[in-house]
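Student: make a model of this:
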Amino acid sequence: MRVLGVSYGYHDASAALWAEGHLVAACAEERYSLLKHDSSFPRFATRSCLQLSNTEPTDLDAVVFYEQPSVKFTRVLASAYQRYPGGIGQFGRSMRTWLGEKLWVRNAIVSQLGVSPRKVLFAPHHESHIAQAFGPSGFESAAVLVVDGVGEWACTTLAKATRDAAGVRYQIIEQAEYPRSIGLVYAAFTAFLGFKSNSGESSTMALAAYGRPIFVDRIRQVFHSQRDGSYDVIDDFFDFDQPEQALFTQRFVTLFGTPRDFRRPLPFSALDSSQRNVSEEERYYADVAASLQQVLLEILLGLAKRVVALSGETNLCFSGGVALNCVCNAALMNAGVFDQFFIPPDPGDGGAAFGAAYWRAAQTSSGAIGRPINPYLGAGVETRRLKQILDGDALDECLSHPAGLRAQSVRCRWLEQRDEDACIDHVVEALLQGKIVAWVQGRFELGPRALGNRSLLVHPAHVESVRRLSTTVKSHSAFRPYALSMTAEAAGKILETPCITAPALKWMQTVWPVQEAFGEALRGGIHVDGTTRPQVCTREENPRFWKLLSRIGEATGHAVVLNTSLNERSMPIVSTSELALAMFTRTGIDLLAIDNVLVTKIP
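Tutor: As a prediction, this is how the structure comes out:
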């Protein structure tokens, strides 16, 4: 069975192809369009998935969309009716979008792919999330928790999933429907704190580390957990129906004060524990973020306990956009509520394209296999074109892109190493000298984390190099921390009480305390609260990157490196060798390693 899953229309448009019992390709449209969180039809992503699997559209047994547009439209209409006559302008704009485009998903898929309309199916949105969480978990049965903004109506779902020779079955236990949305409440606070909702939630999470949870009682007035594990959202404080405006109301502002001006940079620094020159106003916003994080954890912990109790299961799968909150994920793992915990590499809407494909595949016995997922599912790199560009005289022209990106006119030299070991030795030497290395190899990762195939690397002991990474490459806000990648063998020494076999640690889905003894040696990748967002790399999952980490360990005693995504501010992670080269020429990267080809700049 060959099933193509598709997600688009809200954010993070993606495609994923399931074939012969496992996921063979998956990627986000933004990697090709270069539009961060691109929501348009994933025509490049679908084309890439089909090419990677040598599949023609006519070979597909089904194309599955990740939600049910007609059901979602009823929610839009019902919400508009409740607001009438208020919000009539927003209603008109919404209707033009829905009647002009969003309702006609089947037509768009048929037109773009040339498949029969009978092959186009629609998965309930939260069932797509259930499938993406349970499918690759390896569990025979599990409780499943889905928490996001909103699908058709559901915002939170508690479910039970089982698998046997007959297939996979999902049982919805209970749901919280719109507007009782945990994800949208967090998005509203994100906007209040001066970040962009639906993309800046990671900044809210990072800011919380600088604050004190002293406003927990105030936040519980609008958003709080019940004793039975359910939760309440007091909707008078929020306005989720007009996303182009603030997601909160005047009553919210009366309670929490003036929203932070996004144009004013925050003075906090992940590399400076003293936090000097911070005003009371700036501390206030950090305290709100810290309080929000604590209340969110209370709610998620209550829901986890509830779904485990109602399902009778001891394993938990977690998905939906809120499952990207690494701080809460770590706390859930350590809560002792369940035996095992699984989060897919991309638990949000981008990964829901895979969930939609698995949802259909799981309706047959072939879907019951449930093989572990490998996150390296995007397109690979090739160096032939790269060498042609580097040998040419018009680098900036050759690297022009439809999105308007161009390389800078710099002179580069390249050298192809004789083998993998020679290349890795050269990269390790550069890292030990404090250089910033762009590391590109193999197929790019599924999801928002760089896991060693499209990465920027710095040795974390070189704090000034980390600062230079922020200013000359990433345009990275100083209050946001970086992450550490380490071998599985080193993790037991570096991290406190590690669960190094947990997939959440393999894919940067949690934060974890770093042993105090490593505080100085690894300072560049440690947040002010003493944690990092680890990638625990195994030889089996990424042998080349594991070898690089091991060589660093041989040289320093610590098989660990600072690893952040290979992208510039407001840009998606690069996908191709050409885009990596273009970024190399525009920024302060010192060395570009693409497979065994090393590129440096000529002064």
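
Student: how close does the spatially most central residue of the chain get to Gln294?
Tutor: Nearest residue to the geometric centre of the chain (CA atoms, centre = their mean): Pro448, 3.4 Å. Separation of Pro448 from Gln294 (CB to CB, to the nearest Å): 24 Å. From N, CA and C alone the C-beta is placed, and that goes for glycine too.

Student: check what pLDDT the residue nearest to the centre of the chain gets.
Tutor: Here, the pLDDT recorded for Pro448 equals 93.

Student: ok, now Glu397?
Tutor: Looking at Glu397, its pLDDT reads 55.

Student: which parts of this protein belong to which domain?
Tutor: When the chain is parsed with automatic domain parsing, its domains come out as 2-66+68-122+349-368, 182-333, 384-601.

Student: can you put those domains in CSV and add distance to Gly151?
Tutor: Shown next, in CSV, are these (distance: least, CB to CB, whole Å):
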stretch, distance to Gly151
domain 2-66+68-122+349-368, 7
domain 182-333, 9
domain 384-601, 19
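
Student: nearest to Ser128, out of those?
Tutor: Nearest to Ser128 among the domains of the chain is domain 2-66+68-122+349-368; the distance by CB to CB comes to 3.8 Å.

Student: distance from that closest one to the middle of the chain?
Tutor: Domain 2-66+68-122+349-368 sits 18 Å away from the centroid of its parent chain (CA atoms, centre = their mean, to the nearest Å).

Student: nearest spatial neighbour of the residue nearest to the centre of the chain, chain-adjacent residues omitted?
Tutor: Spatial nearest neighbour of Pro448, excluding adjacent residues (CB to CB, 6 or more residues apart in numbering): Asp346 at 6.8 Å.

Student: how about that neighbour, what does it touch?
Tutor: If a contact means CB atoms under 8 Å, 6 or more residues apart in numbering, then Asp346 has Gln132, Phe354, Pro375, Leu446, Gly447, Pro448 as its contacts.

Student: tell me which of those residues is nearest to Pro42?
Tutor: Of all the contacts of Asp346, Pro42 sits closest to Phe354, with 12.6 Å by CB to CB.

Student: distance-wise, check the closest one relative to Leu193.
Tutor: As judged by CB to CB, Phe354 and Leu193 stand 31 Å apart.

Student: okay, the two: which has more neighbours?
Tutor: Neighbour tally, Phe354 and Leu193, criterion other CB atoms under 10 Å: the higher count belongs to Phe354, 31 against 23.

Student: isn't the more buried one right next to Trp18, touching?
Tutor: Yes: at 7.5 Å, Phe354 and Trp18 qualify as touching, with contact defined as CB atoms under 8 Å.

Student: intersection of neighbour lists for those two?
Tutor: Here Phe354 and Trp18 share the contacting residues Gly5, scored by CB under 8 Å, 6+ apart.

Student: so where is the stretch 51-200 of the chain shaky, pLDDT-wise?
Tutor: 81-100 (pLDDT under 70).

Student: which residues in the stretch 251-400 of the chain form strands?
Tutor: Residue ranges of the strands in the stretch 251-400 of the chain, as given by DSSP state E, counting those that start in this stretch, are 315-319, 340-342.

Student: how much distance is there from the longest one to the middle of the chain?
Tutor: I take that to be strand 315-319. Worked out by CA atoms, centre = their mean, strand 315-319 lies 16 Å from the chain centre.

Student: burial of the nearest residue to Arg569 once chain neighbours are set aside, as a residue count?
Tutor: Once flanking residues are discounted, Arg569 sits nearest to Ser475: 3.8 Å by CB to CB, 6+ apart. The tally of other residues near Ser475 (other CB under 10 Å) stands at 12.

Student: the helix or strand bottoming out on mean pLDDT in the chain: what's the following helix or strand?
Tutor: Scoring the helices and strands of the chain by mean pLDDT, DSSP states H and E places helix 395-398 at the bottom, with a mean of 56. The first helix or strand that comes after helix 395-398 along the chain, using DSSP states H and E, is strand 412-416.

Student: and for that following strand, what's in contact with it?
Tutor: Against strand 412-416 from outside (CB under 8 Å, 6+ apart): 383, 386-387, 390, 395, 581, 584-585, 596-602.

Student: many thanks, have a good one.
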